[in-house]
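What shape does this take:
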Amino acid sequence: MLADTVVDSAPRAHAREASISKPVDARQDRNAATGRFLRGNRAWEARCPAGPAPKFADADSLWRACVRYFDWVDQHPLYEMHLVTWKGRARQVPVPRMRPMTKTGLCAFLGIARSTWRAWKRNRPDLLPTIEHAEDIVWIWQFNGAAAGLLDEWTVIRQLGIGGKAQS
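Model (predicted):
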């Protein structure tokens, strides 16, 4: 009985290499009469991958998407309307104001939930340096904007977690 279960590993290793180089047809791994899988089949290699592909397969693709967000924020300022009076004529003039970067805005731009971002921080060590670098850039952008008076200081203080309750 034991001799029936022991299989020579050399032919199996060779079969494994051969199955990697050519597509697997699950039908050749079945008994024609019964339809049951034959012993040692590799039909599982023909399966489709489970679930959707990851949104960002590697740190480089995530970084490129973050840079697109940083560029978008820089190129799309908010506008404040100022009333300008000159020689008795009044008109409103749009004045560009700094648009704040936020982690929530970054996540929305990337098309992911904030919980996904947090999960990536915990569970994707390959993305962790990129995530931390992107968060540092958002933090510096907000801090510098508040320090220069371009962003509301109290809102930024809450966002950065410097005082009061932090929000993302």
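
Quick test: name the residue nearest the centre of the protein.
Centroid-nearest residue in the chain: F56, 4.8 Å away (criterion: C-alpha atoms, centre = their mean).

With adjacent residues omitted, what lies nearest to that one?
Distances taken as C-beta to C-beta, 6 or more residues apart in numbering place L62 nearest to F56, at 4.1 Å, with adjacent residues excluded. In short, each C-beta sits where N, CA and C put it, glycine included.

where's the one you found, which helix or strand?
Using DSSP states H and E, L62 sits within helix 59-75.

Show me what that helix packs onto, helices and strands only.
For helix 59-75, the packing partners by 3 or more C-beta pairs under 8 Å, 6 or more residues apart in numbering; DSSP states H and E come out as helix 103-110, helix 128-147.

got the buried residues for that helix?
Buried positions in helix 59-75, judged by neighbour count with 16 or more other C-beta atoms under 10 Å: A59, L62, W63, A65, C66, Y69, F70, V73.

angle of that helix against helix 103-110?
Helix 59-75 and helix 103-110 are oriented at 110 degrees to each other (axes from the mean of the first three to the mean of the last three C-alpha atoms, to 10 degrees).

Pull up the pairing partners for the following helix or strand past helix 59-75, direction included.
With elements assigned by DSSP H and E, the helix or strand that comes after helix 59-75 is strand 78-86. Neighbouring strands of strand 78-86 in its sheet, by DSSP bridges, are strand 89-97 (antiparallel).

can you dump the C-alpha coordinates of the strand it pairs with into PDB?
Only the C-alpha atoms of strand 89-97 are listed here, as PDB (Å, rounded to 0.1, in the frame of the first residue of the first chain):
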ATOM      1  CA  ARG A  89     -15.600 101.400 -10.800                       C
ATOM      2  CA  ALA A  90     -15.900  98.200  -8.800                       C
ATOM      3  CA  ARG A  91     -15.400  94.700 -10.100                       C
ATOM      4  CA  GLN A  92     -14.600  91.300  -8.700                       C
ATOM      5  CA  VAL A  93     -11.300  89.800  -9.400                       C
ATOM      6  CA  PRO A  94     -10.500  86.100  -8.700                       C
ATOM      7  CA  VAL A  95      -7.300  85.700  -6.600                       C
ATOM      8  CA  PRO A  96      -5.700  82.300  -6.600                       C
ATOM      9  CA  ARG A  97      -5.300  80.700  -3.200                       C
END
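
just the angle between that strand and helix 128-147, please?
Using the same axes, to 10 degrees: strand 89-97 against helix 128-147 is 150 degrees.

can you list contacts of strand 89-97?
The contact list for strand 89-97 (C-beta atoms under 8 Å, 6 or more residues apart in numbering) reads P77, L78, Y79, E80, M81, H82, L83, V84, L150.
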